[in-house]
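Visitor: Pasting the sequence and the predicted coordinates here, then a few questions.
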Amino acid sequence: MNTKIKLKPGINHIEFWVSDISRSIKFYTSFLPLIGWEQISNSSFSDGKMVIYFVEMKGIDKTKSLGVRHLCFQATEKDQVNKVYEILKTIQTKIIRGPLFMPYSEAYYTVDFYDPDGQVLEVAHTP
């Protein structure tokens, strides 16, 4: 794991509170490397521009609240979206929609799904 990634201006990191860190790391490891993310520690990933890390929080219930609705990961190739979808199906992830084209921009291709704690995620190719 590379721990000397230089970050650029932008969002530095996103912290996810999760109910079971082992389950979450296993889940995110199943698809993030397919779209260019590298695991940089036992609880974090980076794409070279930012870091996502996970903190286990026992006994906290997920509630609806204002704030971020979902997190979208950029796929650099359309086929990456299909590969992520196939992995998600294999691990029996609850898929919200896709993969499909959406009218947001030309050739916008996406799959939306839930992580193990119900966080809405998206992997999209947006050329």
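Guide: Structure received.

Visitor: What segments of the chain are strands?
Guide: 13-18, 38-41, 44-46, 51-56, 70-75, 95-102, 108-114, 120-125 (DSSP state E).

Visitor: Can I get those strands in CSV including distance to residue 27?
Guide: Yep, even glycine has a C-beta here, placed from its N, CA and C like the rest. Below are these laid out as CSV (distance: least, CB to CB, whole Å):
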stretch, distance to residue 27
strand 13-18, 9
strand 38-41, 12
strand 44-46, 12
strand 51-56, 10
strand 70-75, 13
strand 95-102, 14
strand 108-114, 10
strand 120-125, 10
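
Visitor: Need these in CSV (columns: mean neighbour count and distance to residue 26).
Guide: Below are the strands of the chain laid out as CSV (neighbours: other CB atoms under 10 Å; distance: least, CB to CB, whole Å):
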stretch, mean neighbour count, distance to residue 26
strand 13-18, 15, 11
strand 38-41, 15, 11
strand 44-46, 21, 13
strand 51-56, 17, 11
strand 70-75, 16, 17
strand 95-102, 15, 18
strand 108-114, 19, 15
strand 120-125, 21, 15
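
Visitor: And these: which comes nearest residue 24?
Guide: strand 13-18 (4.1 Å; CB to CB).

Visitor: From the chain's centroid, how far away is that closest one?
Guide: 11 Å (CA atoms, centre = their mean, to the nearest Å).
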